[in-house]
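> Provided below are the primary sequence and the corresponding predicted coordinates.
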Amino acid sequence: MALKMDQSQRERGLGKGTRMSRRWPVGQIAIGGLGLLLLAPLAWVPAEAGDAVLAPHRALYEMNLKSLASTSNIVGAQGAMSLDWSRSCDGWTVDQRMRITLDFRSGPSRDTEVSFSSFESDDGLSYSFTTRTTSNGRVVDEYRGAAERPGAGETAVVRYSVPEGRVLELPPDTVFPMAHTRDVLEAAARGEQIVWQRFFDGPRPDESPFGANVVIVGGARSGDEGPGAGLSALMDSRWWLVRIAFFPNGGQAAEPDFEVEAKMQENGVVREFSFDFGDFAMEATLSQIESIAEPACGG
């Protein structure tokens with residue numbers, strides 16, 4: 001069941017457009033922060049949401065510069081992102097690859113590459129993840145680990161292999177990415193506008209779990225309108241505009257670490273993302289998509 005927010009939570013980090021906290025300088029964003037911002041929302045792969053039939057699929061997104069602040073040292077940004085959302089007999093697997101190039105007014109360009117993979121069981125009791133970020137070929141950020149909880153509504157224990165030996169306990173109401181997306185889509189289908197939950201996807205254990213504050217803007221849009229319309233039969237699905245603010249340490253901070261906007265279909269396909277990093281904003285638009293066959297599982 002999605003948690004409801006009080007009025008003070010509704011006002012935090014929302015209605016301002018998408019943005020990332022200004023305390024992150026551009027150079028830091030381009031190395032590690034950029035990877036986390038893109039990975040957190042994109043790791044969502046729902047198990048099921050109301051009556052929606054969710055579609056395993058492979059998608060390619062083109063990333064382009066959306067806007068620049070007048071004081072930005074960045075003069076250009078472009079990239080691409082691929083997502084594979086695959087069904088197994090007992091859960092979902094996500095594989096993501098992203099590359100972005102930043103061109104600066106002064107200094108050389110910087111290539112950032114991010115890889116992310118995860119598995120989440122249908123019962124929500126186990127979750128594993130691997131993420132790696134490189135800048136100009138040098139590894140700058142890496143996390144690997146697995147979370148287990150003995151039963152629904154119980155504390156989950158995360159054990160990291162990278163960084164080795166790190167152990168993290170998650171409050172019982174913390175959700176993993178699939179469960180979070182399921183709750184958001186179910187809330188949207190019911191006509192609700194706000195979902196607030198503790199959220200864990202793996203990176204940045206010192207600030208996990210995050211408080212995920214989702215606003216569903218307006219009602220459902222038809223599949224034949226908006227970006228990606230007609231691109232594939234997979235696009236014949238209604239969608240919602242959602243804005244997500246992520247707060248570190250379970251939502252105790254006054255300002256979110258980052259915010260993202262997404263055009264999200266009820267079958268799990270995301271048509272478009274917008275990311276605002278403060279000095280610059282980028283947009284990732286779906287350019288190619290194809291179905292992935294589901295496994296033949298015995299009854």
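Nice, I can see it.

> Give me the contact list for stretch 292-299.
Applying C-beta atoms under 8 Å, 6 or more residues apart in numbering, the set of residues contacting stretch 292-299 from outside is P56, H57, R58, D84, W85, S86, R87, S88, C89. For the C-beta atoms, the positions are set from N, CA and C on the backbone; glycine is no exception.

> Any of those buried? List them.
Taking 16 or more other C-beta atoms under 10 Å as the criterion, what is buried in those is P56, H57, D84, W85, S86, R87.

> give me the low-pLDDT residue ranges for the stretch 51-200 of the chain?
Within the stretch 51-200 of the chain, the set of residues satisfying pLDDT under 70 comprises 51-53.

> Helices along that one, start to end?
Counting by DSSP state H, counting those that start in this stretch, the stretch 51-200 of the chain has these helices, from start to end: 177-189.

> residue boundaries of the strands in it?
Listed in chain order, the strands of the stretch 51-200 of the chain (DSSP state E, counting those that start in this stretch) span 57-68, 74-87, 91-104, 110-121, 126-135, 138-148, 156-162, 167-170, 174-175, 194-199.

> out of the buried ones among the contacts of stretch 292-299, what pair is the most spread apart?
Within the buried ones among the contacts of stretch 292-299, two members stand farthest from each other by C-beta to C-beta: D84 and R87, at 10.9 Å.

> Overlap in contacts, those two.
Residues touching both D84 and R87 comprise T93, I292, with contact defined as C-beta under 8 Å, 6+ apart.

> related to what we said a few turns ago, quick one: which of the buried ones among the contacts of stretch 292-299 is nearest D224?
For those, the closest approach to D224 (C-beta to C-beta) belongs to H57, at 18.6 Å.

> With L231 as the reference, name the closest of the strands of the stretch 51-200 of the chain.
Nearest to L231 among these is strand 57-68; the distance by C-beta to C-beta comes to 9.9 Å.

> Compute the inter-axis angle for the closest one and strand 74-87.
Relative orientation of strand 57-68 with respect to strand 74-87: 160 degrees, computed using axes from the mean of the first three to the mean of the last three C-alpha atoms, to 10 degrees.

> re earlier: can you lay out the strands of the stretch 51-200 of the chain as a markdown table showing distance to A188?
Written out in a markdown table, the entries for these read as follows (distance: least, C-beta to C-beta, whole Å):
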| stretch | distance to A188 |
| --- | --- |
| strand 57-68 | 19 |
| strand 74-87 | 18 |
| strand 91-104 | 19 |
| strand 110-121 | 20 |
| strand 126-135 | 23 |
| strand 138-148 | 26 |
| strand 156-162 | 26 |
| strand 167-170 | 25 |
| strand 174-175 | 16 |
| strand 194-199 | 9 |
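
> so L125 sits right up against G151, yeah?
Yes - the criterion here is C-beta atoms under 8 Å, and L125 meets it with G151 at 7.2 Å.

> These two: who's more crowded?
L125 (17 against 10; other C-beta atoms under 10 Å).

> which residues sit in contact with that one?
Neighbouring residues of L125 by C-beta under 8 Å, 6+ apart: E148, R149, P150, G151, A152.

> mind running it again at 10 Å?
Each residue near L125 by C-beta atoms under 10 Å, 6 or more residues apart in numbering is listed here: G91, A147, E148, R149, P150, G151, A152, E154, A156, F176.

> Most neighbours among those residues, please name it.
The most neighbours, when the contacts of L125 are compared by other C-beta under 10 Å, belong to F176, which has 28 neighbours.

> What is the burial count for the closest residue in space to that one that isn't next to it in sequence?
Distance criterion C-beta to C-beta, 6 or more residues apart in numbering; nearest residue to F176, sequence neighbours excluded, is Y127 at 4.4 Å. For Y127, the neighbour count with other C-beta under 10 Å is 26.

> Thank you kindly, that will do.
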